[in-house]
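Engineer: Kindly return the folded structure for what I paste below:
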Amino acid sequence: MRIAVTGSIATDHLMTFGGKFTDTLIADKLDKISVSYLVGELQIRRGGVAGNIAFGLGCLGQNPLLVGSVGADFAQYRQWLDEHGVDTSGVRTSATQHTARFTATNDTEGNQIASFYPGAMSEDGEIDIVALAQTHGVGLVVIGAGDPGAMQRYTADCRAAGIAFAADFSQQVAFLDGDAMRTLVEGATYLFSNEYEEAVIESKTGWSSADVLERVGSRVVTLGGNGAKLERKGEETVLVGPVKDARLVEPTGTGDAFRSGFLAATAWGLPVERAIQLGNLMAVQVLETVGPQEYQPTPKVITERATAAYGEAVAAELAAYLPA
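Structural biologist: The predicted model follows:
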């Protein structure tokens, strides 16, 4: 099964201020702020929901089709993805906008001042997802967090064309209203979320858990340190525990990596328990690395972690599908 991944494609510019923001702010002058911070560190990371998921799928040998809009400044990022098995022929280059960018400065107390520039992402709605899916033999379109208008269009177009799609709101869960969520969920083959997003979706749509399961094929919920679960209407919940020896370094992109592992195993035709296990094994590597695409999910690493977490039989089953 060929997978197309839509959503944000962005670079993260992460900086660290060696003091406390609160020491530089005057309480009765917050209506006229003009501050500048001398930072001692800058890290530039490749990211974005679609970029992260596609990277993981590429590393697992899936050759996913990445779909989205970028700027002329995307050349190095494109090369990186091409080198890691991602088909970037579905990426559109804007004539006027830069690639989306997240810029954040953290202080020593963990406080953050950040901004997100959508840039070329705002043009995602100009892409014909059905034409791309048909041309590239796509069997599933992941509709990830990106331009809200494009998310609506892709969902409606996939539904009308009979193309299976997965709904993944992630960062957009706070901004989408109930009406938008209901149209994005209806008919999804998979609905991905974490526990918090699960609660927000039910609250905003006004649907109960049973109502959601009436409308989707499978709901996949990541549970942080407790692993992940998959629910289907009329079936027992499949709950898979976590990789217990995980070390927390930086969590950005763990959910995206989980999705890449789950979807790769699903594309291989493995049962849902194996899909969740591979999702957990991918997620933990990002958790232990700074940056959502700085990990190296080699067959050796995955099988060793799988053996320790889930046993030799599971590791052997996954190893049969991992790329050399």
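
Engineer: quick one: average confidence on the longest helix belonging to the chain?
Structural biologist: Counting residues, the longest helix in the chain under DSSP state H turns out to be helix 272-287. Averaging pLDDT along helix 272-287 gives 97.

Engineer: What helices and strands are in contact with the helix or strand following it?
Structural biologist: Going down the chain from helix 272-287, the next helix or strand is helix 299-310, by DSSP states H and E. Other helices and strands packing on helix 299-310, by 3 or more Cβ pairs under 8 Å, 6 or more residues apart in numbering; DSSP states H and E, are helix 272-287, helix 312-319. Yep, even glycine has a C-beta here, placed from its N, CA and C like the rest.

Engineer: could you list every residue that touches Gln285?
Structural biologist: Contact partners of Gln285, counting by Cβ atoms under 8 Å, 6 or more residues apart in numbering, are 257, 295-297, 301, 305.

Engineer: in what helix or strand does the nearest residue to Thr103 once chain neighbours are set aside lie?
Structural biologist: Spatially, and ignoring its direct neighbours in sequence, Thr103 is nearest to His13 (4.6 Å; Cβ to Cβ, 6 or more residues apart in numbering). Element membership for His13 (DSSP H and E) is strand 10-17.

Engineer: Flag every buried residue along the longest helix of the chain.
Structural biologist: 272, 274-287 (16 or more other Cβ atoms under 10 Å).

Engineer: sorry, back to before: check the offset of the very next helix or strand once past the strand holding His13 from the chain's centre.
Structural biologist: As assigned by DSSP H and E, the chain's next helix or strand after strand 10-17 is strand 39-47. In terms of Cα atoms, centre = their mean, to the nearest Å, the centre of strand 39-47 is set 20 Å apart from its chain centre.

Engineer: other SSEs contacting strand 39-47?
Structural biologist: Contact partners of strand 39-47 among helices and strands, from 3+ Cβ pairs under 8 Å, 6+ apart: strand 10-17.

Engineer: ok, 10 Å please
Structural biologist: Secondary-structure packing of strand 39-47 (3 or more Cβ pairs under 10 Å, 6 or more residues apart in numbering; DSSP states H and E): strand 10-17, helix 49-59, helix 75-83, strand 100-106.

Engineer: quick one: average confidence on the shortest one?
Structural biologist: Spelled out, that is strand 100-106. Mean predicted lDDT for strand 100-106 stands at 90.

Engineer: tell me which element the residue sitting nearest the centre point of the chain falls in.
Structural biologist: The chain has Asp256 as the residue nearest its centroid, 3.1 Å off, counting by Cα atoms, centre = their mean. Assigned by DSSP H and E, Asp256 belongs to helix 254-267.

Engineer: Please state the offset of that helix from the chain centre?
Structural biologist: Helix 254-267 sits 9 Å away from the centroid of its parent chain (Cα atoms, centre = their mean).
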